[in-house]
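Asker: Just the structure for this:
(2 chains)
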Amino acid sequence: MRNGKSSKMKAIVYALLIGYSLLTLVPFLWSILTSFKTTAEIASGGTFFPQEWSTAGYEKVFDSQLPTWVMNSLFVALVTTLINLVVNTMAGYALARIDFKGQKVLFSALLALIMIPSQVTMIPLYIVVSKLGLVDSHWSIILTTMFNIGYIFMMRQFFVNFPRDVEEAATMDGLSRIGTFFRVVLPNAKAAVATQAVFVFMGVWNEFMKPLLFISSPDRYMLTQGLNALAKQFKNATAWDVIMAGSLISIIPIFIIYIILNKYFIQTNNQTAGVK
Amino acid sequence: MNSKRHQNLQGYSFMMPALLAILFFTIVPVVYAFFLMFFKVDMLAGTRNFIGLDNFGKIFEDPKFWASFYNTFKYVLVVVPIQTIIALALAALLNNKVKFSRGFLTVMFIPTLTSSSAMTLIFMWLFNNNGLVVNTIDDLFGIRLEFLTDPSLALTVIMIMNIFSTVPHFMIVFLSGLQDIPDSLYEAASLDGASAFKQFRHVTVPQIMPITFYVVTMGLVGCFQIFDQAFIISNGTGGPQNSTLTFSLYIYQLAFNSNDMGRATALAFVLGAIIFTVTYIVNKLLKADEVNG
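Answerer: Residues are numbered from 1 along each chain as shown, chains lettered A, B, ... in the order given. So this is what the prediction gives:
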C-alpha cells in the first residue's frame, strides 16, 4: 500500500520533470528546424518539420558580418574575463586575508555600491566613456566591465575559508605576498576562479546594453548587437531561417563551454554557488 | 618593524586595480548623476543649464512615464511571483533523490545560458503571427491571438520569455538551499505524523526563507530593470502603442533619442528609489510572515 503510493508519487515527479525539460527544449528545437527551412516555406506558414531541408540560412549568415561579430565578442569576452579574474580575486583576497586599515569601511561601501541599479550610472557612464575618447572602441566595454563587486564578494567568501597553513609555508620559503598570491594561492583557488571565469565570460558574451550604448560602427559590433541588426535586416523578408541560424550560431560558443565545464555552471552544494 | 604599515600598504596594493576601476566607472558616474538630474543637458549643442527640480516635475506630467510605470509594475507583479514559485517547485521535485537529476539540471539550465538577444529572437519567431504558438492556438481553439502586434498581448510574450530564462538559475539556488536542510528535521516531523504537504509547509518553507529573500530580491531588481527584451521586440520604440515601454527603455529613449540626458538621469533616480522601496517593503512582509508562520 505504502509502496504503491510512493511509486505513484515518483511517477508524477518524473513526469513533471520530463515535461518541463521537454518544454525547455521546444523553442530551441523549433528554431533549429526553422533554420533549415527555405524562406519561401516560412512565408507560407509551413509545417513543424522542414518540407525541404536547406542550408541557405546558414550560408547567408556566413556571408553577412556575423563572423566578424563573433571574433569581436570572443576578443572582448576573453580580455574582460582575464582582467576580471586578476582584479576580483586580488580584491577578494585582500578583504579576506590582509588586515589593513579601513577594510571594514571599504567592505560596507562596496556592499552599498552593488545596490545601485545600472540605469542610474548608465548615462553618466556614457559621458565618462565619451570624455575618455572610448566611444566606438572595444575598450569601452572591457574597461567598464573590468571588475565585478559580486565576484569580489564571492572570492572573499572563498578566501575566508581557505587554509592558512598553505600560505604560511610559502611565506616561510621567502616568497613575497604577491609571489605567494600568484604562485600558491591562485593555483589552489582553481574551482572558485573557474566559476568566476565562466560567469564573467557568459555575462560579457550575452551583454546587450553596453554595446548598444558604446559601439556604433557595424564592423565593431558585438555579436548580440549584430544579431539584432541582422534580424532587422531580414525580418521584413520573413527570412526567419537566417535569423534563427544566426541566433543558434551565437549560442554555440557558450554551449561548448557549458558542456566542457558543466560542473562550474551548476553547483548545488558549495558556498561558491551563486553570489549570496 | 612597522608591520602594520606594511600590512596597510599590501592591502591597498591588492585592492588598487578594483578601487581605481570602481572610482572611474561607478563612483564618478554616480556623483555625476547627482548633478545631471538638476540640469537641462544638450549633448549635441554641448550646453548645460541648471533647472533645479524641473526634470522631476516634467516626469510626472508625462503620459509616457505613466505608460512605462504601468507596464513595469504589471511586469514585476506577474513575473516575480510566478518565477519564484516555479523555481521552488522544480527544485522541490529535483530534491526527491531523483535519478539522472544532473541530466535534468543540465537540460533545464540551457535557457539561462542563452543571451537575451538570441532568446528574444527565438521567442519573436515562436510568437510571430506566422509562428508555432499562434498557429497552434488557432488550430486548437480557432482563435488567432496575434501576440506581437496586439498591444494587450505584446508584454505577455516578454513575461513568458523572462520566466522561461530566469527560472533555471533560481531553481539551482533553491535546490542548494533545500539540500542544506538537515534530514533530522523531516524525520522529526514525520514521527509527529505530518503529511508530505505539511512537512513542506512547516519544515521546508521556513528553512529556506533566507534563500527566498535572495531569490525575490534578485527577481525584483532584475525585473524592474528589464530592457534588452523590450528593446529588441519593439525595435527600440516600446510599441505597439507603448505596450512594451519599460522604465529602462524610456530612460534610454530620453537620453539617446530625445537628447535629454538630465531628464533621463532624473528618471533613473526615480527607478532606483522605486527599486529600493519595493525591495524593502517586500522583504519586511516576508520577514513578518516568517515570524508568524
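
Asker: and the gap between whichever residue of chain B sits closest to chain A and residue A:253?
Answerer: In chain B, the residue that lies nearest chain A is residue B:11 (2.7 Å; CB to the nearest CB). (Each C-beta comes from the backbone N, C-alpha and C, glycine too.) Residue B:11 is 38 Å from residue A:253, where distance means CB to CB, to the nearest Å.

Asker: check which helix or strand covers residue 12.
Answerer: In the absence of a named chain, this looks at chain A. Using DSSP states H and E, residue A:12 sits within helix A:2-35.

Asker: Oops, wrong one, chain B.
Answerer: Residue B:12 belongs to helix B:3-22 when assigned by DSSP H and E.

Asker: again, but for residue B:151
Answerer: With DSSP H and E as criterion, residue B:151 is part of no helix or strand.

Asker: Then residue B:41?
Answerer: Using DSSP H and E, residue B:41 falls in strand B:39-42.

Asker: Show me what that strand pairs with in its sheet, parallel or antiparallel.
Answerer: Here strand B:39-42 is paired, per DSSP bridges, with strand B:47-50 (antiparallel).

Asker: The closest residue to residue A:210 other than its chain neighbours and chain B, how far apart?
Answerer: Spatial nearest neighbour of residue A:210, excluding adjacent residues (CB to CB, 6 or more residues apart in numbering or on different chains): residue A:141 at 5.3 Å. Distance, residue A:141 to chain B, by CB to the nearest CB, to the nearest Å: 11 Å.

Asker: What separation is there between residue A:141 and residue B:257?
Answerer: Here the criterion is CB to CB. By it, residue A:141 lies 22 Å from residue B:257.

Asker: sorry, back to before: for the residue of chain B closest to chain A, grab the count of nearby residues.
Answerer: Number of residues near residue B:11 (other CB atoms under 10 Å in any protein chain shown) recorded here: 22.

Asker: Quick one: residues contacting it.
Answerer: Counting by CB atoms under 8 Å, 6 or more residues apart in numbering or on different chains, residue B:11 touches A:94, A:98-101, A:103.

Asker: Over to residue A:144?
Answerer: Counted by CB under 8 Å, 6+ apart, residue A:144 has contacts A:125, A:129, A:210, A:214, B:25.

Asker: In ChimeraX, how would I select the buried members of the contacts of residue B:11?
Answerer: Here is the ChimeraX command that selects the buried residues among these (16 or more other CB atoms under 10 Å in any protein chain shown):
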select /A:94,98,100,103
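
Asker: farthest pair in the contacts of residue B:11?
Answerer: Using CB to CB, the contacts of residue B:11 reach their maximum pairwise distance at A:94 and A:101, which is 12.1 Å.

Asker: Can you pull the poorly scored residue ranges out of the chain?
Answerer: By default, I'm working from chain A. Along chain A, segments meeting pLDDT under 70 span A:1-5, A:46, A:269-276.

Asker: Please refer instead to chain B.
Answerer: Applying pLDDT under 70 to chain B flags residues B:1-2, B:289-293.

Asker: which helices and strands sit right next to the helix or strand containing residue A:203?
Answerer: Using DSSP H and E, residue A:203 falls within helix A:190-206. Helix A:190-206 makes packing contacts with helix A:66-97, helix A:149-160, helix A:223-235, helix A:240-260, helix A:262-265 when contacts are defined by 3 or more CB pairs under 8 Å, 6 or more residues apart in numbering or on different chains; DSSP states H and E.

Asker: quick one: it to chain centroid distance?
Answerer: Chain-centre distance of helix A:190-206: 7 Å, with CA atoms, centre = their mean, to the nearest Å.

Asker: Keeping just the C-alphas, turn that helix into CSV.
Answerer: What follows is helix A:190-206, C-alpha atoms only, in CSV (Å, rounded to 0.1, in the frame of the first residue of the first chain):
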residue,chain,number,x,y,z
LYS,A,190,41.1,26.9,-9.2
ALA,A,191,37.4,26.0,-8.6
ALA,A,192,36.4,29.4,-7.4
VAL,A,193,38.4,31.1,-10.2
ALA,A,194,36.9,28.8,-12.8
THR,A,195,33.4,29.5,-11.6
GLN,A,196,34.1,33.2,-11.8
ALA,A,197,35.6,32.8,-15.3
VAL,A,198,32.6,31.0,-16.8
PHE,A,199,30.1,33.5,-15.5
VAL,A,200,32.1,36.6,-16.4
PHE,A,201,32.7,35.3,-19.9
MET,A,202,29.0,34.4,-20.3
GLY,A,203,28.0,37.9,-18.9
VAL,A,204,30.1,39.7,-21.5
TRP,A,205,29.2,37.4,-24.4
ASN,A,206,25.5,38.0,-23.7
